[in-house]
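1. Coordinates only, no sequence provided:
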């Protein structure tokens, strides 16, 4: 069959989730994507929605469609006159945009925070600060002999995590059983799809992950014998890779001391590595960028120098009605937060930079549409294991990038 | 969770067992085989559409699911369940490299991949590479067995279907 001369194919990095799969084969007709190979349903839907005009955000000021320059002007005006501005999000932006966002927050004397402050923040802080060992997923593959998914169900949250990076990515297989020579295991509160795949499952009661961890390190009684079995499994392995998910971090909250202690205890008998199952495409990039600049991963205020406090978390800012202007970049707090909290944002100017129509763009005073990272804008992103990847930009030019917008606002602010 | 393969006898229990031939099959048991192969649908049996058979009809629909045969292959895919995770592709790519002859595992001539995820859903891109297309190797069931969502099922095609 002859190939259509207008068709071109390009290799992409999917920015649909934290996996950042770098083997996506997209076929374009002109600048429009016609097929997306290798991407999971999540990634393919995300990349395809870039071509759905109904899904793309439009440049708006108080609901009225305006040219982008006018929206940028209005955003600059609102941020300049704000006395307690907050910059929130940037978890799905490129590292370059995150750096520009931090620079803008610094210039505004604003509070800056991201979704990690109510999810993986403490865990990432442990990893970035060197308290928790981590390593690239390429090192886990073929070397780790025990994979433990804790409070995460990758078939749903990170569909290609198992086939591309861990279990099925191993090259050493048992030819008779068609299983990789590695033990797949999970710790969860319920029967998940992963449980049916895993060789060893450890069940914990909802909210009792801390008790389970304390039983593993011998600080609490092991009533079910599950903790002892888990400890034995880890001790028998030579290299254990832990993949903590939202289930574990939500159960433990901000206090990860027991988890860190468990990793330390297990590390005395075997090599242990921790790779978080982050859903956002570049949360680790934001936390690392902020940490490099001011020594903290989130909840930072630039109002007087650099300070960090839980009262600078976005949730606390909304709960206490502290801020008078919120700049949301590539995040959707109006979908994620409960209505009881969101009513506190009444009277607060919300500026939103997002490629897509979201609940936040629907209520924001100013909406500035931006390019989709990895499709319409290049740059770099950081995978959950800390690997930095360069993004392609095959459909560049349709929308301004969030880097450009953030830099323009920064320049115009006196 | 891998989908439990459908058994014609289990399906027969839910059919009227009158052998009325209104569905075009000689017997209800033959109709059960056609349901497993997705050649027929429960709606093809007029007795099942009657009010008194509503319970059996509902149970049958649940058992058979929304899977549709990928044309020219043994693969029956429920695209509403497929997340494009690629587990089936990974195990298939591994299994394609070997064959079992007389109880011994041997290397197979290199073949292009049989499966690929396109637009977030599984596609059979090279049926001739699939072991099920090779006489003697057609018992391979790995891709369906390893699907975490039970989206895939493998049922031998009828000869007239292949044509």
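-> Perfect, thanks for sending it. Please read these numbers as outputs of a predicted model, since none were measured by experiment.
2. contacts, neighbours, all on C-alpha from now
-> Will do.
3. Show me the strands in chain B, by range?
-> For chain B, strands defined by DSSP state E occupy the ranges B:68-69, B:75-77, B:98-101, B:104-107, B:115-118, B:121-124, B:152-154.
4. Contact partners for residue A:344?
-> Going by Cα atoms under 8 Å, 6 or more residues apart in numbering or on different chains, residue A:344 touches A:318, A:319, A:320, A:321.
5. if you set the cut-off to 10 Å instead, what comes out?
-> Residues near residue A:344 by Cα atoms under 10 Å, 6 or more residues apart in numbering or on different chains: A:317, A:318, A:319, A:320, A:321, A:322.
6. check contacts around the third one.
-> Right, the one you point to is residue A:319. When contacts are counted by Cα under 10 Å, 6+ apart, residue A:319 touches A:311, A:313, A:340, A:341, A:342, A:343, A:344, A:345.
7. before we move on, back to that, residue A:362 is nearest to which of the strands of chain B?
-> Across those, residue A:362 has its closest neighbour in strand B:121-124 (31.2 Å, Cα to Cα).
8. Which residue comes closest to whichever residue of chain B sits closest to chain A once chain neighbours are left out?
-> Here chain B gets closest to chain A at one residue, residue B:120, 3.6 Å apart by Cα to the nearest Cα. Among residues not flanking residue B:120 along the chain, residue A:41 sits closest, at 3.6 Å (Cα to Cα, 6 or more residues apart in numbering or on different chains).
9. how near is the one you found to residue A:196?
-> Counting by Cα to Cα, to the nearest Å, the gap from residue A:41 to residue A:196 is 21 Å.
10. who's more crowded, those two?
-> residue A:41 (22 against 16; other Cα atoms under 10 Å in any protein chain shown).
11. and that one, what does it touch?
-> A:16, A:47, A:159-160, B:82-85, B:117-122.
12. Of the contacts of residue A:344, which is the nearest to residue A:358?
-> residue A:318 (19.0 Å).
13. ok, that closest one to chain B distance?
-> Per Cα to the nearest Cα, to the nearest Å, residue A:318 is found 36 Å from chain B.
14. Off-centre distance for the lengthiest helix in chain B?
-> Counting residues, the longest helix found in chain B (DSSP state H) is helix B:54-64. Centroid displacement of helix B:54-64 relative to its chain, using Cα atoms, centre = their mean, to the nearest Å, is 18 Å.
15. Equivalent analysis for stretch A:51-58, please.
-> 23 Å.
16. got the buried residues for it?
-> Buried positions in stretch A:51-58, judged by neighbour count with 16 or more other Cα atoms under 10 Å in any protein chain shown: A:56, A:57, A:58.
17. Can you pull the residues of chain B lying near chain A?
-> Residues of chain B lying near chain A by Cα under 10 Å from any Cα of the partner chain: B:1-2, B:82-92, B:94-95, B:98, B:100, B:104-105, B:116-122, B:142, B:146-150.
18. In helices, which of those residues fall?
-> B:87, B:88, B:89, B:90, B:91, B:92, B:94, B:95, B:142.
19. before we move on, the earlier item: can you flag the buried ones in the residues of chain B next to chain A?
-> Neighbour counting by 16+ other Cα under 10 Å classes B:1-2, B:82-92, B:94-95, B:98, B:116-122, B:142, B:146-150 among those as buried.
20. How is the chain divided into domains?
-> I went with chain A, as the question did not name one. Per automatic domain parsing, the domain ranges recorded for chain A read A:7-49, A:60-119+A:280-412, A:121-274.
21. if you could check chain B rather than the one you did, that'd help
-> Domain segmentation of chain B under automatic domain parsing yields B:8-65, B:75-162.
22. Of the ones you listed, which is nearest residue A:254?
-> Taking Cα to Cα, domain B:75-162 is the member of the domains of chain B nearest to residue A:254, at 31.4 Å.
23. which helices and strands does the lowest-mean-pLDDT helix or strand in chain A pack with?
-> Taking mean pLDDT, DSSP states H and E as the measure, chain A has strand A:173-174 as its least confident helix or strand, at a mean of 81. Packed against strand A:173-174 by the contact rule (3 or more Cα pairs under 10 Å, 6 or more residues apart in numbering or on different chains; DSSP states H and E) you find strand A:179-180.
24. Run through who's touching the strand it packs on.
-> A:142, A:145, A:166-174, B:91, B:94.
25. Nearest to residue A:123 among those?
-> Of all the contacts of strand A:179-180, residue A:166 has the smallest distance to residue A:123: 20.6 Å, by Cα to Cα.
26. so how far is chain B from the closest one?
-> Taken as Cα to the nearest Cα, the span from residue A:166 to chain B is 11 Å.
27. now swap in residue A:271 and tell me
-> Taking Cα to the nearest Cα, one finds residue A:271 at 27 Å from chain B.
28. Show me what that residue is bridged to.
-> Note on residue A:271: beta-bridge partners residue A:239, judged by DSSP bridges.
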